[in-house]
Each structure stands twice: as C-alpha cells, then as structure tokens.
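In: sequence first, then the predicted structure, then my questions.
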Protein chains: 6
Amino acid sequence: MRPSGRTPEQPRDIRITRQFTRHAEGSVLVEFGDTKVICTASVENKVPPFLRGQGQGWITAEYGMLPRSTGSRMGREAARGKQGGRTVEIQRLIGRSLRAAVDMKALGEHSITIDCDVIQADGGTRTAAITGGCVALVDALNFLVKEGRLKTSPLKQMIAAFSVGVYKGTPVLDLDYPEDSEAETDMNVIMTDKGGFIEIQGTAEGAPFEQEELDGMLKLAKLGINQLFEAQKAALAG
Amino acid sequence: MRPSGRTPEQPRDIRITRQFTRHAEGSVLVEFGDTKVICTASVENKVPPFLRGQGQGWITAEYGMLPRSTGSRMGREAARGKQGGRTVEIQRLIGRSLRAAVDMKALGEHSITIDCDVIQADGGTRTAAITGGCVALVDALNFLVKEGRLKTSPLKQMIAAFSVGVYKGTPVLDLDYPEDSEAETDMNVIMTDKGGFIEIQGTAEGAPFEQEELDGMLKLAKLGINQLFEAQKAALAG
Amino acid sequence: MRPSGRTPEQPRDIRITRQFTRHAEGSVLVEFGDTKVICTASVENKVPPFLRGQGQGWITAEYGMLPRSTGSRMGREAARGKQGGRTVEIQRLIGRSLRAAVDMKALGEHSITIDCDVIQADGGTRTAAITGGCVALVDALNFLVKEGRLKTSPLKQMIAAFSVGVYKGTPVLDLDYPEDSEAETDMNVIMTDKGGFIEIQGTAEGAPFEQEELDGMLKLAKLGINQLFEAQKAALAG
Amino acid sequence: MRPSGRTPEQPRDIRITRQFTRHAEGSVLVEFGDTKVICTASVENKVPPFLRGQGQGWITAEYGMLPRSTGSRMGREAARGKQGGRTVEIQRLIGRSLRAAVDMKALGEHSITIDCDVIQADGGTRTAAITGGCVALVDALNFLVKEGRLKTSPLKQMIAAFSVGVYKGTPVLDLDYPEDSEAETDMNVIMTDKGGFIEIQGTAEGAPFEQEELDGMLKLAKLGINQLFEAQKAALAG
Amino acid sequence: MRPSGRTPEQPRDIRITRQFTRHAEGSVLVEFGDTKVICTASVENKVPPFLRGQGQGWITAEYGMLPRSTGSRMGREAARGKQGGRTVEIQRLIGRSLRAAVDMKALGEHSITIDCDVIQADGGTRTAAITGGCVALVDALNFLVKEGRLKTSPLKQMIAAFSVGVYKGTPVLDLDYPEDSEAETDMNVIMTDKGGFIEIQGTAEGAPFEQEELDGMLKLAKLGINQLFEAQKAALAG
Amino acid sequence: MRPSGRTPEQPRDIRITRQFTRHAEGSVLVEFGDTKVICTASVENKVPPFLRGQGQGWITAEYGMLPRSTGSRMGREAARGKQGGRTVEIQRLIGRSLRAAVDMKALGEHSITIDCDVIQADGGTRTAAITGGCVALVDALNFLVKEGRLKTSPLKQMIAAFSVGVYKGTPVLDLDYPEDSEAETDMNVIMTDKGGFIEIQGTAEGAPFEQEELDGMLKLAKLGINQLFEAQKAALAG
C-alpha cells in the first residue's frame, strides 16, 4: 500500500555516521532512507546575553536546506536575505527538543549550536535532524569532558523523533516525500529514551483527525522511536 | 491552586465583539480574560501566484503584538526589519488552522487575510487569535455572499482553539501568563465544531509528559473548546 | 459644506481614555471622530548610546498602522521588512513634538518610548497621536514620581496638535479622510498650552497657498488646539 | 552677530552650474556657500505601477550624503542596508516640492527622478537640493521637447527654497551649519516664482516660537527666495 | 618544506564523485584533499529578465559554506540576512568562469545555476568549486540533450582551476589552509582545457610579488590544471 | 584604432585634485579622462573588534556610484537595501590594495576609511579609485603626524592601478567604457612604486587569453602605472 512497499510500522533504513566532517566538536551524517542531513555541534565558551552570569549553558539549533536538496531548486535563503517561515519553525523545534536532553546548570556557561543542513530531502528532515543532532550533541558534551572543561557529561537523556501520519486511511511510520505530500494527517513526535514526550505536533492536512487516529499514530511513533534509540546507541558505541 | 483562583477546567471570561473597527470585511475583538486581540479579515479579488488560474481561493494570516502589549516593551518588528521566529511560527499556525474552515474551491479566486494584532497579552494569544479570527472570517465570507460575489458561504466548519497544560502536576485549561511561564507542559489544541482535531502542538517545558497527561489535557481541551463554539455562535447571532 | 456637516471651525468628537491597556506606564486610547490611536508610554532606566553619562533623558516615538486600519489593506511593515517613508516621517514628528514637553535634564537618565498604533484611520492620525501621546507621557512621568525615581515631574508644558486645511477654498479645522484627500492645502500645527508653536508643517497639495490662507489656518488651529488642552486636562483629572 | 559675519537677510553665495556631469538629462551642481549638492534629473519612458494607463507622469526624488560630506564620517546607508529617517524625510520633501513645478498630465507617461547627492554639507542641504533640483528638472523637460517626445515643456512654475531661523533671538536667512546647530527655530520655506507657498516646515528646536517670529521668518524667506529665482534664471539663460 | 610534506608542484588528492545527490540535473562532490564541496547544476526553462527574447541562455553560480565547515563556526549567512563580501566575490568568479565553458546561443533560453556548498574547508574552496562545478555543468548539458531539449551539448571547453602561491619564498601548487594563511602571495588560475586563461587573480598578502614569481606560479598552475582535466575526464567517463 | 584615437600605450588625461572637499582628513578628486571619483580618507581613533588590543591599525574602503554617474540610471543601493555584488567586489579590492601601502604596526590603533564615490563613470573606476585613494590616504597619514598622533608617517610605498585589456586583438592601456564593453580581455593591475605587483585580476570576457597576451598587457601596465606615480607625486608636491 505504501509507495515504497514498506509495512505501516516499518521505518526507512536508518544510518548514523559520526565524525562525518572534521572541524566540529560533533559531526554526524544522519540518513532516514534518501533523506540526508549533516548535523554538527559547535561549542563556544560563552552564552547569549540573556543568560550571562547565571552559571548555566544554552543549546540552540539552525536549519537549512541546500538549494538543490529538493526536486526543484529552492532559492538560497542567504541570497534572498532571510530565512523562510518553515525554516524558522523547524529550527525552533530542533532547538527546543535538544535542550531537553541536557542539564543546563551542569553544562555551565557554554553554548552549543546544532547546525542541521539537509543535503538531500525525501520527507522527514526535521525528525532526522533531531535524531542525528542528538548524537552530535553527545559528542560535543563528551568533548567538553575530555578537554577537562566539564567533569561529567551533563546529558540527561537521549532524544529522538519520527514522523507518523495517516496515509490512505492507515496510520504509518516515517513518511517519505510521496507519502508526506498526500497524507491526511502528519505528526512529528519527539520522545526521550525514558519514554516521555518532549513535543507532539500533529496537523490535519485534509480532513480533521480523531482521537482514535491520534492514538494509533502515537502507538506507531513509540515503537518506531525505540528503534532510533538503538541506532543512536550503536553509533555512539561504534 | 491556580493563581487566578479558577478551577482546572474553568476558562477565563471569553468575549467576542464583532464590527470592532469599521473598514475590514470582518473585524473582531476577542478577549480571553486580559488577553485582547484584534482580528480583521480582508478580502481581495486575487490569489497568490502559485494558485493563479486554478479556480480556488486562499486564506492566510499575519500576527503581531503591539510593542507594549507585554509587561516589558518588545522592540517593534517593523523597526527591527524582520518578524521574529515566534511571530512566524504563530502566524503559520493561525493560517493553517483557518484554512481548514473553508472549502477553497467554493471560495473561488479570492484571498482572505486574517490579521491578528495583540493589543494586550496575558497568555494564550494564539488560541484567542484563531478563535476570534474564525468569526472575522465568517463575516468576510458572508460579505462575499451579500455582495453577490459568491452564491453561498464556502464555510465548512467552525474552528476554535484553547491552550491546555500541566501546571503544578494538574492538567488545566486556558493558561494565563503566570501559569504559562511556570507550566511543565503547554499544549495548543485546535478543533472543529464537529469534534475533530485540526492541530495539536504540545511541548514539554520542563519534564517530559506521559500519555496519561496527554489524555487528560486533550479531554480538558475538548470540553473547553465546546464553550468557544458557543461563544462564536452567540457572537455571530448577535 | 463639509462632508460631515461640521462648520469650518468645528473639530470632531475628541475622546481620550486613559489606562486603556494595563502593562504600559502610560496607556491612552485617543479618538478624533473615527480616527482611533492607542498611545502607550514605556519607561526604561537607560538612554541611547549618544546620551550616556550626560545626566539627561530621552523621549522617542514609534508609529504604526494596523494593516486594516484603512479602507484597503496595507502590507504589514514588519512582514515587508521595513517601515515606509510616511511612517518614518510621522514618528520623527511625534518624537520631536513630545520632547518639547519635557525638561530632559530633570528627566535624568530615563528613556520614554511613545508607541502610537492606529487601529482605525479616518484622517489626522498624526495629530491624534501627538495629542494622546502627550497624555500617556504625563502618566509615565507621574509613574516615575510615584515610584520615587524622580522627585517631581519634569513636565514643562502640554503639547497638542490639530490639522487644518483649505477645503473647497475655505480654511477648516481637523480634516477627516474625505476632506484630507481633496484638500488644496494640509497643515499640521503643534502647539504648547502656553500658546507657542512647536512645529508647523503646511503642504500645498494642489495650488500653492498664500499668506492670507496661512493666517486663516493658523487662527483656526489656535482656537481648536485650546479645546484639545481642555480635553487633555479633563482626561488627566478623571 | 552671525558667525559668518553676514547680515540677517543676507544669503550665502549661490552658484548653480549646469551640465555638471555628462550622462544625465539634467545635471546641476548647486552651492549655497560651502554646501554643495549634485542634482541630476533622469528621464524614463514609464511610470510607477499605481499610475499606469492614466496618461500622466511622475516626479520623484532621492537624497543621499557622501559619507564624508560631514564633519565626522557617517556610515554609508548602502552598507548599513537602509536609508535613515532623516534621509527619507528629506527626499519625500524634495519630491513633493518638485512635483508642484510640473503639469503631470502634460508630462505624459514619463517619470523623472531627481537624485540629490550632497558632496559637502554646511547646513541647508535640502533647500539647496530643491533649488538646484528644479534647474535639473527644467533641463530634463527641455530634453523631452528637444527629442520630440513632448511638444512643449510641461513646466508650470519654478520652485526654490531657503531655510530661515531664529538665531540668538533674531530671524536670519539661509542658516549655515554653525547657526543651524544653535538656532532656536529652524524653518524650511518652499515657494513658487509666483509668490505662493508650496511647503512650510518650521520646528522649534528649543523654546516654542510665536506668531511674530513666524511672520518675521516668512518675510525674510520671501525676500531671499526671490534671489534664488534670479540665480535659477541666470543659470538657465547661461 | 610544505606542512603536508608535499613537493611544490604536487597537488592534494583530487576526487570527483558524480551523482552525489539525486535531485539535481548534475550533482558532484569534489574533494581537493580535505576540502569538500557539493556542486549541483540546476536547469530552468527560462532566463533572467535582461536576456529575455534574445534566444540565448545563462549560467550563474551561488556559493556557501556550512557554518561549521571551518575551524571555528561562522555565522549562517541566511540568519544574518546577507551574504558576506567574500561569498559574493567567490560566486561571481565561479559564475564568470563557468560561463566560458558554454556557447550561450547554443544553450538556448535555458538557465543553469551552479550551487557550490562547502561542507568541509581546508583552503582552495573556490578552485575546487570551479573544477567540480564544471563536471556538474556537463552533466546538466547532457541532461538537456537526453531530454531532447537540445540537439547537441553546447559545451565549448572544459574549465578547471587551481590556486598557486608563494610559500616561504617558493612557488607551490594547490595551497591548503595552513599554507594559505601564511603565503606571501595567493593566486587563483582558471584555464580551459585548450590551454588558455579564463581568469587570473593574484594577490600579494605580504610583500609585493615580482614578474619572476608570477611566471613561476603560472607555470606550476598550467602543469597542475592539466591533471584536473584528467580527473574531470575520468569522472565523466566513469 | 581606439575609439578615442589614443595609441595603445596612451592613457587618458590623469588629473588628481587634493582638498576637493573640506571635511575629510584626505579628499581627492581623481579623473581618468571622463571617469571622475571623489576619494576621501577618514581617520578614527579606534580599530575594528577583531584587531582590538593588538597595537595595530586598519584601512578599509567603501565604493559607490551616484545613481546617474552612468549612461542609464542605476537604482540607488541605499534605497534597494543592499550593495550589489560588483560594488562589494570592488571595495574589497580597493581596501586590500591600499592596506599594502601602510605599515599597520606603525599606524597604531587608528582606522582609516577610504570612501570612493563615482560621480561620473567612463570605465576604469576601480583603478582611478585606487590611484586617487592612495593620495587621500597619504594626506590622512600626514594629518596624523601633523596632529602629533604619530611621529612619522607609516607609509611604506605608493600604490597605483591601471586597467589593461585586449581590444580588437591588441593590448591597450587604460580602457574607457566603449573599449571596456567590447574588450576580449580586461585586466586590473595594481602595483607599488618599487615595481612589485600587489594584485592582478585578469578576466577573459570572450575568448581565453594566452601567456603572450598576458605578458603584453603586463608590460603596458608597468609603463602606464609609472606615469600614475608621477601624477601622484606632482599632486602631493602641489
């Protein structure tokens, strides 16, 4: 039933490659099937003005798509002189989600910026970015420990995300672009490895969705996200 | 337990005043307690470039806050030269939500812009904007009928929204600012008057939230939003 | 002769409502007939860089129109990414005018920003903004006294403004939009309650104007503005 | 009494040099003493969108200062990414003033842009720009006639401008920078060569000004501006 | 003598990988040692306004660096709201160079945009971008032939580029970052596979350079660039 | 053969006028035939953030064209809200070139900004700007000595620049606009008065250029630039 031939609860192939580029304190290529995102974590020894002198750290995220990561070329945001609404919405979501992974007090006065740049898009770029960005974040936190700037990692919990949706009347996991563009409902679910929800964003694209469909999607999400935690763990062990 | 003395399932006073200003095709002042938003609906006889020639209409929204709608003055976005990320995120949510109210084919090649300008903020501006914006939208659709530009109103269903959250461990409805700034979880629920969900956005501000809390919040939201539909109906009958 | 049926020297109904919104140190709704402007005064404990360390204060103004305050919707300046020329011109006029009300040395190192946001426009928005803004300013100065940050109010004099013009050959006071768009000459006159001029801006829209017409307009302005001082006084006594 | 040793009614040396640069349809260097402004008039065979198809023309103006036209270097507006408020205010004044010189219907569907670029500033740049810009405009209108695109020049009247002010209690004509920065009142007067007023902008910089001072300044302005019309005439005859 | 242990005339390892991403008509990952640039070529069926109706095509280029492609994080240009001067300079160079590869008349009314996005930087990003961009361009031209939109490829010649410089007194080929940041002279040489120069940009970073040094650098460049043409050929044959 | 009747090695008339405007520490009008550029040098007692506390100075340049310096009017960059790519490229070249004239350590913590504003363009504006800008820079350095802020001038060497090109198959010096727009190759050569190269930028506009043509152009450039050093010397002696 799904264009890719997957079963409803079957995600795409997940690949997480650490140390993908060499300069960043954390650098990950995350692939959810044909969706490919470079996530880097950059550490700075200072915090934004609104946090100065409070003895706590900050984590923020920025998101971008290469102009030809998509089927037809999108104008380059740097050339147009501003980030689009979708970009702003996504990078705020990534930042909020990844802040939940870390104890800000324990991080001390350090900032970490997670840059998520999509080099190839096929649906699910924001969930891939959160999942891969969390691995890059862990590497950056470990870098701070290794450098002696922190005694122990301030990581509280891992964060991962999947999209779920209602496609042709059936809840499905990890929508690719052909599904995403036709789904009746699209929901992004961000969870911790302890089983709690960090964020849920569900949108009816066509008809409204009902409680039952919501329950079905959340069930799929929980099962799927557990596989992401496995993939993160394997990558970090590698 | 709530700073305002309300019970968990008790919303603030809801007031919807139509014809608040005189130029717009729909003009509403919506008040959720001390949160006050002017929502106007403006009709144009054209559609954006990406829809031209397809025989369908478009609905979009813009959101702004007067600089001193808040406790301390915020810089004016027009003077700073760009809309902030929060503004962009909110106006995209309002636009998506209100498009669900209307049959775009039946609207024909008309655009309706819903401007939501907050003149006083006390939490819940986006849910107030959606709820009041829908009434302004209905007035604008009726204007098109009255002017003979449409035969019948293309309204499919009413849309309304409430925030719910977990405050000091208890799910509560319609958070005001003191609650909002301390809540563990904050969720915006947008529904149709037929009982379906249009959008759910739930965010853990502190600890993650569990399925049970989610269920509790959604239950409150459903009960509360029904009262909003009553208030919309009363205003439109007025 | 006037579209509204008013006599040449007759202003529209003037209403000044204090404490219109609750957060600002001064908050006024000013109405010149159907022209309605929210004027708030916001106090900050610092001055712009060019005044630092000089022991004096600063007053500045910003102006905006809600997109649908006018007959057809104007693009939102925040979305377009810059303030238009008319906006800039008006907010500079308001700022200059209101600075004349206050002894900057006596104000000390405080800044006051007057935000004037037009919610409904029918001509004369800038004169209404100056007149209402001055009342908001007085409230903000009194707030500083009440808070113990100043010993006495640094108010030197009240400021108010009316437009005058030559409409169908006759000087008239307080032009509304139908008059404004057809007037041969349009002049904004800003005065102190001691009878001096703070600013005069007269523009020939069609034919040039002569000394005699200028004299006629200024005479009307003086008479009219005295009524504004009465209205300000009544509001402040209220 | 005046820093320059001039009498109150004595303007600075006025020089108007036509054909100052070679590409523009009108190109004038205007000098009011040490204030030097290049005014060019550029003709285009089209009008702005809001005038299309109405069979009439348009005149607009832009103003700029070279970064080091002033005593200390001002940031370049092109580099800062926007024109400052003062620039916007001045170029709108120049445009309004020069539109009064021309019969827009007779101009047909042509646009003329007057660019006024200050290469050295010593007070009075806007009045110099209007006075020199009018000469460049006349040359551009004559160019249209010479090219056969218009039968006769649509010039209705000449426009010129002087600043007047109250300096140390005395009304004076054509303020230079040392006077301008200390004057109690500063007024720009724009007139036609038939003796009518096009625009009057008077601002109290310190104390308010009285009717008597206003009358004194306007009297000086009228006498002075007549000398500008002589200078324009001589330049155009040259 | 060189930090990398290379001989003066020895380039880094060159790798050109075609079909690196799947959406673009041409997509190449080019690597000059640790410098890695994704070059995509995007075809559109239209030309910019200044070329419309002239029966010829256009090629343009855009350049960007991922924020953490460098040793310390650079601010994202999209977030800052404009492209920096270095970016603009580089993308103009790439565009000019690659236009030399193609017969614009034979290209017909098609535009091709070459996007060069640096994912890892170690010196020489602009020469890598030109060399890899030319391969992506060839693929895009062949796509137009394969699609039947052109009969034959309008490719005139291949273009490739190397940097040369004077490092510690000796001319060297293909500077990496440690060399680049200390070189006395840095020169980018862009050539055709027929041996002509397309562009030479040589800059003395410290002491001026002499004719003899120039000759030495150009000699190295010619030899080196021939190896790039071999690499391009091998990639296109692959 | 040349449109102007000049021989291939013949430059246009070069005129360098010092003290062209009165406010800047250095102010030069430079004319290469009909190309006229005002170059001012402005001194500040501070350096950009990246140099603070390092005991050295900085020189930077900005470039602009008056809108009607050219045959058809160009949009004003300040009004469009950004500097074009060509502007950015040119001002970076001027800045790099003039930094080579000065010993930054000996300059101490001073910044000098060279503003180059084209009032009339006929090709070669950037080479005129460098040549005239260097004279303005010398005046600014001497000002620092005269004011006692430096003991001796930190000038290391004079810098001057000419364009050369291949026009109808022949290398020519100092291209004017008619030549520039038809030349096969265009090269800007920046040299020191000791005979070294500071920058070479050669671009094939049509066919690639060969080593022999390059040698011919460089030979012409060297001869021509010596004449510029004479002109600079004469102006500085004047």
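Out: That came in fine, so what should we check first?
In: quick check: pLDDT value at A:S163.
Out: On the pLDDT scale, A:S163 is placed at 98.
In: now A:M1
Out: pLDDT, A:M1: 86.
In: that one contacts A:E179, correct?
Out: No: using C-beta atoms under 8 Å, A:M1 is not in contact with A:E179; the gap is 10.2 Å. Glycine gets a C-beta too; all of them are placed from N, C-alpha and C.
In: settle it for me: which of these two has more neighbours?
Out: A:E179 (21 against 11; other C-beta atoms under 10 Å in any protein chain shown).
In: wait, is that one part of a helix?
Out: Yes: assigned with DSSP: H, G, I helix; E, B strand; the rest coil, A:E179 falls within a helix.
In: that one and B:F197: what is the separation?
Out: To B:F197, A:E179 is 20 Å away according to C-beta to C-beta, to the nearest Å.
In: what is the neighbour count of the closest residue to chain C within chain A?
Out: Closest contact between chain A and chain C, by C-beta to the nearest C-beta, is at A:K82 (7.3 Å). Look at A:K82: counted by other C-beta under 10 Å, it has 19 neighbours.
In: again with A:I90
Out: 25.
In: does any part of whichever strand or helix holds it sit near chain C?
Out: For A:I90, the host element (DSSP states H and E) is helix A:85-99. No: judged by C-beta under 8 Å from any C-beta of the partner chain, helix A:85-99 stays clear of chain C, getting no closer than 10.3 Å.
In: restrict the helix or strand just after that helix to CA atoms and write it as PDB.
Out: Following helix A:85-99 in sequence order, the next helix or strand is helix A:104-107 (DSSP H and E). Taking C-alpha atoms only, helix A:104-107 is exported to PDB below (Å, rounded to 0.1, in the frame of the first residue of the first chain):
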ATOM      1  CA  MET A 104      21.700  23.400  31.600                       C
ATOM      2  CA  LYS A 105      23.100  24.100  35.000                       C
ATOM      3  CA  ALA A 106      25.600  21.200  34.700                       C
ATOM      4  CA  LEU A 107      26.600  22.500  31.200                       C
END
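In: measure the residue lying farthest from the centre of chain A to chain F for me?
Out: Distance from the centre of chain A peaks at A:G53, with 29.7 Å (C-alpha atoms, centre = their mean). As judged by C-beta to the nearest C-beta, to the nearest Å, A:G53 and chain F stand 21 Å apart.
In: quick one: secondary structure of that residue?
Out: A:G53 ends up coil, using three-state DSSP.
In: which stretches of chain A form helices?
Out: A:77-80, A:85-99, A:104-107, A:125-146, A:177-180, A:211-237 (DSSP state H).
In: give the contact list for the most centrally placed residue in chain A.
Out: When C-alpha atoms, centre = their mean is applied to chain A, the residue found nearest the centroid is A:I130 (1.3 Å). For A:I130, the contacting residues are A:L93, A:I94, A:S97, A:L98, A:I159, A:A160, A:A161, A:I190, by C-beta atoms under 8 Å, 6 or more residues apart in numbering or on different chains.
In: now a PyMOL select for only the buried ones of those.
Out: Only the buried entries of those go into this PyMOL selection, using 16 or more other C-beta atoms under 10 Å in any protein chain shown:
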select buried, chain A and resi 93+94+97+98+159+160+161+190
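In: picking that back up, tell me the most buried of the helices of chain A?
Out: helix A:125-146 (a mean of 25; mean count of other C-beta atoms under 10 Å in any protein chain shown).
In: could you tell me the angle between that helix and helix A:85-99?
Out: Using axes from the mean of the first three to the mean of the last three C-alpha atoms, to 10 degrees, the direction of helix A:125-146 lies 40 degrees away from that of helix A:85-99.
In: what's the average pLDDT for helix A:125-146?
Out: Per-residue scores along helix A:125-146 average to 98.
In: now that helix against helix A:211-237, angle please.
Out: 40 degrees.
In: so who does A:L228 touch?
Out: If a contact means C-beta under 8 Å, 6+ apart, then A:L228 has A:I14, A:T131, A:A160, A:A161, A:F162 as its contacts.
In: tell me which two of those residues sit farthest apart.
Out: The distance between the two most remote of the contacts of A:L228 (C-beta to C-beta) is 11.9 Å, for A:I14 and A:A161.
In: mutual contacts of the two, please.
Out: The contact sets of A:I14 and A:A161 overlap at A:T131, A:L228 (C-beta under 8 Å, 6+ apart).
In: how about the residues of chain A by chain F?
Out: Counting by C-beta under 8 Å from any C-beta, chain A sits next to chain F at A:G81.
In: which parts of chain A sit against chain E?
Out: So chain A meets chain E at A:21-24, A:27, A:34, A:36, A:38, A:40, A:42, A:44, A:62, A:64, A:66-73, A:76-79, A:81-83, A:87, A:113, A:115, A:117, A:119-121 (C-beta under 8 Å from any C-beta).
In: and those residues, which of them are buried?
Out: A:21, A:23-24, A:27, A:34, A:36, A:38, A:40, A:42, A:44, A:62, A:64, A:66-70, A:73, A:76-79, A:81-83, A:87, A:113, A:115, A:117, A:119-121.
In: thanks again, I'm all set now.
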